[in-house]
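Q: have a look; sequence and predicted model below, questions after that.
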Amino acid sequence: MAIYLIVALDVLNGISSLFLLCLGLAIIFGMMKIINLAHGEFIMLGAYATVISANAGVNIWIAMLIVAPLFVGLVGLVIERCLIRFLYGRLVDSMLATWGLSLLIIGIITTIYGNTQQGVPTPLGGFSIGSYQSSYYTLFLAGMAIVMMALVYGVMSYTRFGLIARATMQNPAMAATLGVNPARVYMSTFAVGAAVTGLAGGLLAPVSGITPGMGGAYVAKAFMTVVGGGAAILSGTMSAASLFGAVNQIGAYFTTPVYGEVLVFTAAIVLIRLLPQGISGRFFKGNL
Amino acid sequence: MPIRFRLAAQAVAVVLAIVAIVLIPSVVELFAMMQLTLFAAMAVLALSLAFIWGYGGILSFGQTAFFGLGGYAYAIAAVNFQDSTPSILLAIVIPSLFAAILGYFIFFGRISDVYLGVITLTVTLILFNCVNSTSGDEYRIGKALLGGFNGMPAVPTFNVPFYPDQVLSPEQSWWTTGGALLGVFLLLRLVLWLPAGRIVVAVRENEVRASLLGYDPRKVKLLTFILSGAIAGLAGALYVNWGAFVGPTIFSLSLSAEIIIWITVGGLGTLLGPIVGCVLIEYIVAYIGSQQAFNSNLVLGTVLVVFVLLLPTGLVPTARDLLMRLVPAPKPNGQLADEQAPPSAAASHLAGAE
């Protein structure tokens, strides 16, 4: 019995971390149609911000929940002003430039902090089910995924900013005639996407090894999930994250973690082939 | 420029290239020649992506999948047969078969753009993960131990065809690799010169119009993809021959990124540009690696960002345009200009050999 509970917790953990990792990308790619291949590096920056501020004496919760998103959001703002704003509507160029950006960020962080692995201890401690150990942090991550989902839903549906952002993404020219400044909306949406990504990096910092190259492991997975999810930010990302997260953990349980990953990638390829518009293009049309 | 002059110039360029390949071992030192051998192998890889991306309009993010498959196919076959002749053939055949299956799935499913990039990227990751986890004695094909993340050391290098005892010397390896680069270049130029190549470009320009003219874009793209996979596989065999070693990093995403940087820097839509970009960037990376002053990722990233923002056409097309401006344009009085200067990348294969 206990083993099933543990596997269920693992699946929950897989789904919630995947959702957190992808939400920022869903905002940047799903809404703005900017292919941000530096997504993994945004996660890495969030993780570094958390680890460095926590090791400098900042409370770990403040480091994770405030320092990481603020720092990465600011970085996102600067990047949008210096690079991304020249690339709207140029899909392939945005892909190339952000790939260059990701190499650049990896290079900068390696130069400053070296190639060694860093980390912070996982807060909250653990509990045991039968003879198995698990940690409360897993449950905290799942709670954060739910909070973030509610937050993004609330902002997008009920606030003025969400309304203007969605209108601008759908038709910038129309929004501009109604007195909205599209350039500013794009800028703030990109910064929000970056901040959400930074938060994910901060939250994952205590449970993963932190190196300058860690982003590479996430970028393909995040893209696969967002593309598999389709156009709807929340329902699409959530459904794809549930599917891939579950496949990953269950596959890893029955075989090895490596084949769990292989299974996810294969599932993603088959899914894109069967549903070219993603899950939400077929099942949650018109949802957020 | 009259077409006869163009052909003559291209013939001269080919002869010069052959002379250069033959003479290099007697001019440069052994270390420099070994480095040139590596650059030539990488340039073959650059050509494989230059062809499908620049002419076919298919941006495959995971070109290293075919490169790595070629490398591993060569290594496994060479260990088993102890003869490189069938191994090189396998290094070309296996990636093309893989490209055929993957390409059928992609193009006949009408997957394009970002989705194609994501799929090729994930396929590369799958291969990397699979090969990376094959450490242990149970993972062997024939006599070849796969070795997981440690890779396969001491892979037999090229030998004289059908004479397994006569292993090629470094000079002969250079001639083989340089010759393969020239051969692939000429093959692609021939393909692009033939009607088949023009159909490939037509599909890139407008799929609907191409299909209204009676061509099946899916089939055209699939064949382009297979040819590119075969060339990338050959590049993998050449690369393994250079180092006598193959490891899972041959599938790495960073190498995939590097190929894209070579082409962006050298010039998309040309065949010479990617070779120039490849040699230039690889030289810079090797130089930085020996200096330890800068991080190579830092430099590569900056180069890519700067080129995308400021010089999106790349070095070779920019240089060509500057040269064209120096040469006075033919006066259109009386006679018709027999060939207009190519206005865009669409026609640049006519002028790509300068």
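A: Received it, and whenever you're ready, just let me know what you need.
Q: flag the shaky bits of chain A, pLDDT-wise.
A: For chain A, applying pLDDT under 70 flags the ranges A:285-287.
Q: distance-wise, check the spatially most central residue of it relative to A:Q249.
A: The centre of chain A sits closest to A:L21, judged by CA atoms, centre = their mean, with a distance of 2.5 Å. A:L21 sits 15 Å away from A:Q249, going by CB to CB, to the nearest Å. Where you see a C-beta, it was placed from the backbone N, CA and C, and this is true even at glycine.
Q: give me the number of residues near B:R209?
A: Neighbour count for B:R209, taken as other CB atoms under 10 Å in any protein chain shown: 12.
Q: surely it is within a helix?
A: Yes: under DSSP: H, G, I helix; E, B strand; the rest coil, B:R209 falls within a helix.
Q: spell out which parts of chain A neighbour chain B.
A: Counting by CB under 8 Å from any CB of the partner chain, chain A comes close to chain B at A:35, A:83, A:86-87, A:91-93, A:95-97, A:99-108, A:110-111, A:216, A:220, A:223-224, A:227, A:256, A:258-259, A:261-262, A:265-266, A:268-269, A:272-273, A:276.
Q: select only the buried ones of these in ChimeraX?
A: A single ChimeraX command is used to select the members of the residues of chain A next to chain B judged buried by 16 or more other CB atoms under 10 Å in any protein chain shown:
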select /A:35,83,87,92,93,95,96,97,99,100,101,102,103,104,105,106,107,108,110,216,220,223,224,227,259,261,262,265,266,268,269,272,273,276
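Q: now the top helix by length along chain B: mean pLDDT?
A: Looking across chain B with DSSP state H, the single longest helix is helix B:217-243. Averaged over helix B:217-243, pLDDT sits at 93.
Q: where exactly do the strands run in chain B?
A: B:140-141, B:144-145 (DSSP state E).
Q: deepest-packed of these, please.
A: Highest mean neighbour count among those (mean count of other CB atoms under 10 Å in any protein chain shown): strand B:144-145, with a mean of 18.
Q: that one packs against which elements?
A: helix B:64-81 (3 or more CB pairs under 8 Å, 6 or more residues apart in numbering or on different chains; DSSP states H and E).
Q: regarding A:A231, what are the backbone dihedral angles?
A: Dihedral angles phi and psi of A:A231 (degrees, to the nearest 10) take the values phi -70, psi -30.
Q: count the residues that sit near it.
A: Neighbour tally, A:A231, other CB under 10 Å: 18.
Q: cool, and B:C130?
A: For B:C130, the neighbour count with other CB under 10 Å is 17.
Q: in which helix or strand does the closest residue to it other than its chain neighbours reside?
A: Excluding its sequence neighbours, the residue lying closest to B:C130 (CB to CB, 6 or more residues apart in numbering or on different chains) is A:V262, at 6.1 Å. Secondary structure assignment for A:V262, by DSSP states H and E: helix A:257-274.
Q: and that helix, what does it pack onto?
A: Partner elements for helix A:257-274 (3+ CB pairs under 8 Å, 6+ apart): helix A:216-229, helix A:234-254, helix B:113-132.
Q: rewinding a little: is the longest helix of chain B up against chain A anywhere?
A: No: against chain A, helix B:217-243 shows no contacts by CB under 8 Å from any CB, the least distance being 14.0 Å.
Q: shaky segments in chain B?
A: In chain B, residues with pLDDT under 70: B:1-2, B:112, B:292-293, B:328-354.
Q: sorry, back to before: what are the contacting residues of the very next helix or strand once past the helix holding A:V262?
A: Moving toward the C-terminus from helix A:257-274, the next helix or strand (DSSP H and E) is helix A:278-282. If you take CB atoms under 8 Å, 6 or more residues apart in numbering or on different chains as the criterion, helix A:278-282 is touched by A:227-232, A:235-236, A:239-240, A:243, A:271-272, A:275, A:287.
Q: ok, and the most crowded of these?
A: A:G229 (30 neighbours).
Q: dump the residue contacts of it.
A: Counting by CB under 8 Å, 6+ apart, A:G229 has contacts A:22, A:26, A:30, A:235-241, A:278-280.
Q: what parts of the stretch 201-350 of chain B come near chain A?
A: So the stretch 201-350 of chain B meets chain A at B:253-254, B:257, B:260-261, B:264, B:294-305, B:308-309, B:312 (CB under 8 Å from any CB).
Q: from the residues you listed, which would you call buried?
A: Buried by 16+ other CB under 10 Å: B:253, B:257, B:260-261, B:264, B:295-305, B:308-309, B:312, out of these.
Q: among those residues, which ones are in helices?
A: B:253, B:257, B:260-261, B:264, B:296-305, B:308-309.
Q: ranges for the helices of chain A?
A: A:2-25, A:32, A:39-55, A:60-62, A:68-82, A:91-113, A:136-158, A:160-170, A:172-177, A:182-204, A:216-229, A:234-254, A:257-274, A:278-282.
Q: what residues does the second one touch?
A: Right, helix A:32. A:Y88, A:M169, A:Y186, A:T189, A:F190, A:G193.
Q: got CSV for those residues, with distance to B:V208 and neighbour count too?
A: Listed next are these as CSV, based on distance: CB to CB, whole Å; neighbours: other CB atoms under 10 Å in any protein chain shown:
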residue, distance to B:V208, neighbour count
A:Y88, 26, 16
A:M169, 28, 18
A:Y186, 31, 21
A:T189, 33, 23
A:F190, 34, 25
A:G193, 34, 28
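Q: tabulate these in CSV, adding columns for distance to B:T122.
A: Below are the contacts of helix A:32 laid out as CSV (distance: CB to CB, whole Å):
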residue, distance to B:T122
A:Y88, 26
A:M169, 27
A:Y186, 29
A:T189, 27
A:F190, 25
A:G193, 22
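Q: out of those residues, flag the one nearest to chain B.
A: A:Y88 (13.3 Å; CB to the nearest CB).
Q: now do the contacts for the closest one.
A: Counting by CB under 8 Å, 6+ apart, the residues that A:Y88 touches are A:M32, A:I34, A:S94, A:Y186.
Q: wait, what's in contact with the second one?
A: Residues in contact with A:I34 (CB under 8 Å, 6+ apart) are A:I28, A:I84, A:L87, A:Y88, A:S94, A:T98, A:F190.
Q: give me that answer again for 7 Å
A: Listed by CB atoms under 7 Å, 6 or more residues apart in numbering or on different chains, the contact set of A:I34 reads A:I28, A:I84, A:S94.
Q: repeat for the third one
A: Under the criterion of CB under 7 Å, 6+ apart, the contact partners of A:S94 comprise A:I34, A:I35, A:L87.
Q: which phi and psi does the first one have?
A: Per-residue torsions, A:I34: phi -110, psi 120 (degrees, to the nearest 10).
Q: next: A:N115.
A: phi -90, psi 10.
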